[in-house]
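**Student:** Any chance you could fold what I've pasted below:
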Amino acid sequence: MTIDTQDPRDIPILTDAVEKNGGPYAFLDAKAVHAAIVTETLNLADSLLHQATKEIEATLFERVFDQLRAQLPELVDRVLREHAASRNPPETEP
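**Tutor:** Numbering: from 1, shown residues only. Take a look at the predicted model:
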């Protein structure tokens, strides 16, 4: 994989960059750099997941209230009719 690629699915690999530029990165502690990258990547993933969760929750909340708004008048009408019918049973003929 080359680092100059334009495809966003191609993620540069740290070892490719180090091998290509060797000299400037020779002094780095590879384990410490690896740990720092993993930590920052996990923090970023956690942040992105929390944001996505908030967006999904907001969308679902809006859908639920839209459905309530649409269905509530019919529900109230039905319950009122049922309640009125149970309080005033139809008269029977003798």
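**Student:** name the helices or strands packed onto the longest helix belonging to the chain?
**Tutor:** Across the chain, the helix with the greatest residue count (assigned by DSSP state H) is helix 30-87. Helix 30-87 is packed against helix 14-21, with contacts defined by 3 or more C-beta pairs under 8 Å, 6 or more residues apart in numbering; DSSP states H and E. For glycine as for every other residue, the C-beta is placed from the backbone atoms N, C-alpha and C.
**Student:** Mean confidence (pLDDT) on the helix it packs on, please.
**Tutor:** Averaged across helix 14-21, the pLDDT comes to 60.
**Student:** Same question for stretch 31-39.
**Tutor:** Here stretch 31-39 scores 91 as its mean pLDDT.
**Student:** what's the answer for stretch 56-75, then?
**Tutor:** Per-residue pLDDT over stretch 56-75 has a mean of 97.
**Student:** Flag every buried residue along that stretch.
**Tutor:** By neighbour count on 16 or more other C-beta atoms under 10 Å, the buried set for stretch 56-75 is empty.
**Student:** could I have it exported to PDB, CA atoms only?
**Tutor:** C-alpha atoms of stretch 56-75 as PDB (Å, rounded to 0.1, in the frame of the first residue of the first chain):
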ATOM      1  CA  ILE A  56     -29.700   7.800  16.600                       C
ATOM      2  CA  GLU A  57     -31.500   8.400  19.900                       C
ATOM      3  CA  ALA A  58     -32.700  11.900  18.700                       C
ATOM      4  CA  THR A  59     -34.000  10.300  15.500                       C
ATOM      5  CA  LEU A  60     -35.900   7.600  17.300                       C
ATOM      6  CA  PHE A  61     -37.300  10.000  19.800                       C
ATOM      7  CA  GLU A  62     -38.600  12.200  17.000                       C
ATOM      8  CA  ARG A  63     -40.200   9.100  15.300                       C
ATOM      9  CA  VAL A  64     -41.900   8.000  18.500                       C
ATOM     10  CA  PHE A  65     -43.400  11.500  19.100                       C
ATOM     11  CA  ASP A  66     -44.500  11.700  15.500                       C
ATOM     12  CA  GLN A  67     -46.300   8.400  15.800                       C
ATOM     13  CA  LEU A  68     -47.800   9.500  19.100                       C
ATOM     14  CA  ARG A  69     -49.000  12.700  17.600                       C
ATOM     15  CA  ALA A  70     -50.600  10.800  14.700                       C
ATOM     16  CA  GLN A  71     -52.200   8.000  16.800                       C
ATOM     17  CA  LEU A  72     -53.200   9.700  20.000                       C
ATOM     18  CA  PRO A  73     -56.400  11.400  18.800                       C
ATOM     19  CA  GLU A  74     -57.800   8.100  17.600                       C
ATOM     20  CA  LEU A  75     -56.700   6.300  20.800                       C
END
